[in-house]
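S.K.: no sequence for this one, just the structure:
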């Protein structure tokens, strides 16, 4: 079992940057695919980025490719999402998740955090 806790959200102007952190507790963190999803008001939760167990492969939604970077530190059970060139449409609650399977599918992830709010003002 893994517990994940997100931090680092906040209010930022368009064009700005934020770095989200996800702290994971429990055994065998490096056995899990880690992902970030987001949910804007009135919308479905959507895939943002994922990173495989070793950190050697990363995956991104087209909407964030080139602007966001996912990384992980297996020694410290951490996952990060660096977000640059933020846009108002990036406003959402961002969730960290741990799982195994197809990286863009929500049901792949068995463990979810409570989320952290990111608001981008225009």
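M.R.: That came in fine, so what should we check first? None of these values were measured; they are calculated from a predicted model. Residues are numbered from 1 along each chain as shown.
S.K.: can we go C-alpha only for contacts and neighbour counts from here?
M.R.: Fine.
S.K.: which residues of this protein fall in strands?
M.R.: Remark: strands assigned in the chain by DSSP state E are 2-7, 10-13, 18-26, 33-39, 46-51, 58-60, 68-73, 78-83, 92-99, 109-112, 116-121.
S.K.: can you redo those as CSV with mean pLDDT and mean neighbour count?
M.R.: Below are those laid out as CSV (pLDDT from 0 to 100; neighbours: other C-alpha atoms under 10 Å):
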stretch, mean pLDDT, mean neighbour count
strand 2-7, 96, 19
strand 10-13, 98, 15
strand 18-26, 95, 19
strand 33-39, 98, 25
strand 46-51, 98, 23
strand 58-60, 98, 18
strand 68-73, 98, 20
strand 78-83, 98, 20
strand 92-99, 98, 25
strand 109-112, 96, 17
strand 116-121, 98, 20
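S.K.: Now residue 105: closest residue in space, sequence neighbours ignored.
M.R.: Leaving aside its chain neighbours, residue 105 sits nearest to residue 47 (7.5 Å; criterion: C-alpha to C-alpha, 6 or more residues apart in numbering).
S.K.: who's that neighbour bridged to?
M.R.: Legend: beta-bridge partners of residue 47 under DSSP bridges are residue 37.
S.K.: That one contacts residue 38, correct?
M.R.: Yes: using C-alpha atoms under 8 Å, residue 47 is in contact with residue 38, at 6.7 Å.
S.K.: Enumerate every residue touching the residue most central in space within the chain.
M.R.: Among the residues of the chain, the one closest to the centroid is residue 36, at 2.4 Å (C-alpha atoms, centre = their mean). By C-alpha atoms under 8 Å, 6 or more residues apart in numbering, residue 36 lies in contact with 47, 48, 49, 50, 81, 94, 95, 96, 97.
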